[in-house]
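Peer 1: coords below, sequence missing:
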């Protein structure tokens, strides 16, 4: 994804967010909401959601490239996201910060709100606006559920509830989430989270140093 740039402002004075492709739309929405004209965005593939071992090595290379390109202010648009602390090691190596929390499902809800429901959500399957938009591409087709619906129980049988963390109010996405819960045989819950801690995280990253 090409970075958005404020014309005329040198890269050393801009903030580059290197984010998960799953939250690209949300980062740009928060950028607009907060008026962060000096924020540029580039993303790692959203598919790394399924391959968390690829995130830290790719981020290491992306940060090195960003510094070579002239950026000195870089923020990592990931939580730990299943890297088992490996992403933190990359951040420490380069002296950059990341989104706090274990994963985007936590920071969308907000740290305190997530802590309050984490135990009760152990058997929940989370969806976001992105995952609603990409439900077929991310789940149905790769898992072969369009051809073999009998496999649904194998893949989702341990879940009890589908929880849609809604960043926006979009009836079309609500319907996707409701239909997904029905297809997977899960109870359904919608939580209107907005952008959660992503707002504060980007605001902090974009604040002038010192």
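Peer 2: Sure thing, it's come through. Model, not experiment: these values are computed from the prediction.

Peer 1: Would you map the strands across this protein?
Peer 2: 15-20, 39-44, 73-77, 97-98, 124-127, 161-166, 187-192 (DSSP state E).

Peer 1: tell me the helices in the chain, going along the chain?
Peer 2: Listed in chain order, the helices of the chain (DSSP state H) span 24-34, 55-68, 86-94, 104-109, 111-117, 129-133, 135, 152-156, 171-184, 197-206.

Peer 1: so where is the chain shaky, pLDDT-wise?
Peer 2: 1-8, 209-210 (pLDDT under 70).

Peer 1: Find the residue at the geometric middle of it.
Peer 2: The centroid of the chain falls nearest to residue 23 when counting by Cα atoms, centre = their mean (4.1 Å).

Peer 1: residue contacts, the residue lying closest to residue 187 once chain neighbours are set aside?
Peer 2: Across the structure, with Cβ to Cβ, 6 or more residues apart in numbering as the measure, the residue nearest residue 187 apart from its sequence neighbours is residue 161 (4.3 Å). Every C-beta, even on glycine, is put in place using the N, C-alpha and C of the backbone. When the contact criterion is Cβ atoms under 8 Å, 6 or more residues apart in numbering, the partners of residue 161 are 121, 123, 124, 125, 181, 186, 187, 188, 189.

Peer 1: just to revisit the earlier point, make a markdown table out of the strands of the chain and add distance to residue 203.
Peer 2: Supplementary listing: the strands of the chain in a markdown table, determined by distance: least, Cβ to Cβ, whole Å:
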| stretch | distance to residue 203 |
| --- | --- |
| strand 15-20 | 11 |
| strand 39-44 | 10 |
| strand 73-77 | 11 |
| strand 97-98 | 13 |
| strand 124-127 | 24 |
| strand 161-166 | 20 |
| strand 187-192 | 21 |
